[in-house]
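Undergrad: build me a structure from this.
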Amino acid sequence: MTSPLANPNFRWLFGAQVCSLIGVGLLTVALSLAAYRIGGAEAAGQVLGLLLALKMVAYVGLAPVAESLLAGVSRKGALVALDIGRMMLLVPMAFTTHIWHIAALSFVFFVCSAGFTPLYQSVIPDIVPEEDAYTRALAWSRIAYTLEAVLSPVIAGTLLTVLAGGSLFLVAAVAFAGSVVAILMAQVPSHGVERAKTPFWKRASKGLTIYVRTPRLRGLFLFNFALSLAMAWVLVNTVVYAGARLGSSETYFPVLMGFYGLGAALGAVTVPRLVRRLSERNVMGLGTFLFASVGMCFSLLPTAPLGGLAVVWIGFGAASSWVLTPGGLVITRSARKTDRAAVFAAQFSLSHAGWLVAYPLAGWMATWVSLEMALLVLCLMCIAVSLLALQVWPKEDPVARAHSHPELPADHPHLRDPQATGENHRHAHPFYIDDLHPRWSNGPA
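TA: Numbers count the residues shown, from 1 in each chain. Predicted coordinates for the structure are as follows:
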């Protein structure tokens, strides 16, 4: 199997992703410190909650719109411009002392991220068109996301020994400068002009339309939502568990999340082989059921020693990668090349909508019942949504599908390759929702 790292364009874009993730990670820590600096002990939580709410509003509501606005722009130029925009917004954040200043700057930053991330994701399958190499590229991307979540606090903590908290914004800006340089060094294929000529409202709704009319994409959303219900407990309540059950959040929270990151990296590495042997549907289902099973066993057993907790959190991390890593491959198989950016934007928006539900639910349940009981209930909900996903996403799901076009004239170009036959002009080819195929076909190829 060809490694995606053998492709110089992927190496540059992967380097850009790493720099961007470091910048976002440092920004997250810097925003937390700024919230405390501006709001004090009494209002820091409210300030940070406001900033995170603005982030979700931008991600959920503006990603499809941002993608549509960028449809007629060079993808390389758009990626560079969005990175420069984020870099420039970080500089005034380092010096602001007003809540509304940092809120406004953060919101514009998240809007830029809502445009950057789906566009970046849509470029990778064009850079690495071979399916096996692309699957491994997704695994590398998942590892980068996981390591960022684990290492960013460590990097920030190291920097804070020699820098003031506000200086983290400036270091994050330097990271985005590195991302700009890496993107400039890569060759990024152009968009094409078809989507740019489409009316704006059609472009804005295109990705969501394809998403909701494609069964495997509806299943993808449900698997992601199922995982978010259980995984939110880990992301929200690990720090609480470390303090309440182990006696020191400062000591044990980094350790537990380190085990989680190790598991996520190991899980991402195994995804390409699992997808080849099984399928994206089965790998994602296996991941949600594994996560829920580990969580339920953990919630029903007495407090385990650190070695046992290591196994649990490694299991959480591996299961999460089995669910999250194949998503890009599913989207690539479900949309034409010209529509991929729109569908990635829809996925970005809908997945964050799921987290918007899961995060507060995990925090609320942990205060309403015990930590362990909250995890048990969330894991049961995860299983229920996973079963629904398996029903929505058919087991037999070929890319090529037979279908008819009685509405088209016999000399229509679409009916020539492959050649259509019969009065209803029946033929088979890789099937995607588009203007000629507005409804899903269940016919075998």
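Undergrad: okay, which residue is most central for the protein?
TA: Phe348 (6.0 Å; Cα atoms, centre = their mean).
Undergrad: quote the end-to-end distance of stretch 68-75.
TA: From the first residue to the last, stretch 68-75 extends over 12 Å; the measure is Cα to Cα, to the nearest Å.
Undergrad: against which helices or strands is the top helix by length along the chain packed?
TA: Scanning the chain for the helix with the most residues, using DSSP state H, yields helix 8-69. Under the contact definition 3 or more Cβ pairs under 8 Å, 6 or more residues apart in numbering; DSSP states H and E, helix 8-69 sits against helix 75-93, helix 99-127, helix 131-159, helix 167-185, helix 200-213, helix 340-368. Every C-beta, even on glycine, is put in place using the N, C-alpha and C of the backbone.
Undergrad: dump those helices to TSV, plus mean pLDDT.
TA: Listed next are the helices and strands packed on helix 8-69 as TSV, based on pLDDT from 0 to 100:
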stretch	mean pLDDT
helix 75-93	93
helix 99-127	89
helix 131-159	78
helix 167-185	94
helix 200-213	79
helix 340-368	87
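Undergrad: quick one, the host helix or strand of Tyr260 and helix 131-159 angle?
TA: Using DSSP states H and E, Tyr260 sits in helix 249-277. Using axes from the mean of the first three to the mean of the last three Cα atoms, to 10 degrees, the direction of helix 249-277 lies 170 degrees away from that of helix 131-159.
Undergrad: which strands and helices lie in contact with helix 249-277?
TA: helix 131-159, helix 215-244, helix 280-300, helix 306-324.
Undergrad: give me the number of residues near the residue nearest to Thr96 when sequence neighbours are not counted?
TA: Counting by Cβ to Cβ, 6 or more residues apart in numbering, Thr96 lies nearest to Ile102, which is 5.0 Å off, once chain neighbours are set aside. By the criterion of other Cβ atoms under 10 Å, Ile102 has 23 neighbours.
Undergrad: what residues are up against Ile102?
TA: By Cβ atoms under 8 Å, 6 or more residues apart in numbering, the contact set of Ile102 is Leu31, Ala34, Ile38, Leu51, Met93, Thr96.
Undergrad: picking up where we left off before, least confident of the helices and strands packed on helix 249-277, on average?
TA: The weakest mean pLDDT among the helices and strands packed on helix 249-277 belongs to helix 131-159, with a mean of 78.
Undergrad: what angle do that one and helix 8-69 make?
TA: Using the same axes, to 10 degrees: helix 131-159 against helix 8-69 is 90 degrees.
Undergrad: which parts of helix 131-159 are buried?
TA: 131, 133-150, 152-153, 155-156, 159 (16 or more other Cβ atoms under 10 Å).
Undergrad: I'd say Leu356 and Gly61 touch.
TA: No - between Leu356 and Gly61 there is no contact under Cβ atoms under 8 Å: 10.5 Å.
Undergrad: picking that back up, got the angle between the helix holding Tyr260 and helix 306-324?
TA: Using the same axes, to 10 degrees, helix 249-277 lies at 40 degrees relative to helix 306-324.
Undergrad: tell me the domain ranges of this structure?
TA: The chain breaks down into these domains under automatic domain parsing: 7-137+148-197, 201-393.
Undergrad: quick one: contacts for Leu21?
TA: Leu21 neighbours (Cβ under 8 Å, 6+ apart): Ala144, Tyr145, Glu148, Ser152.
Undergrad: hmm, the first one is touching Val18, no?
TA: Yes - when contacts are counted by Cβ under 8 Å, Ala144 is listed as touching Val18 (5.5 Å).
Undergrad: mind putting the contacts of Ile102 into JSON lines with neighbour count and distance to Leu290?
TA: JSON lines is the format used below for those (neighbours: other Cβ atoms under 10 Å; distance: Cβ to Cβ, whole Å):
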{"residue": "Leu31", "neighbour count": "21", "distance to Leu290": "33"}
{"residue": "Ala34", "neighbour count": "26", "distance to Leu290": "38"}
{"residue": "Ile38", "neighbour count": "18", "distance to Leu290": "42"}
{"residue": "Leu51", "neighbour count": "20", "distance to Leu290": "33"}
{"residue": "Met93", "neighbour count": "22", "distance to Leu290": "40"}
{"residue": "Thr96", "neighbour count": "17", "distance to Leu290": "44"}
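Undergrad: tell me the secondary structure at Gln419.
TA: Per DSSP: H, G, I helix; E, B strand; the rest coil, the local secondary structure of Gln419 is coil.
Undergrad: quick one: it and His427, what's the gap?
TA: Noted for Gln419: a distance of 7 Å to His427, by Cβ to Cβ, to the nearest Å.
Undergrad: so between those two, which is more surrounded?
TA: Comparing Gln419 with His427 by other Cβ under 10 Å, the one with more neighbours is His427, at 19 against 8.
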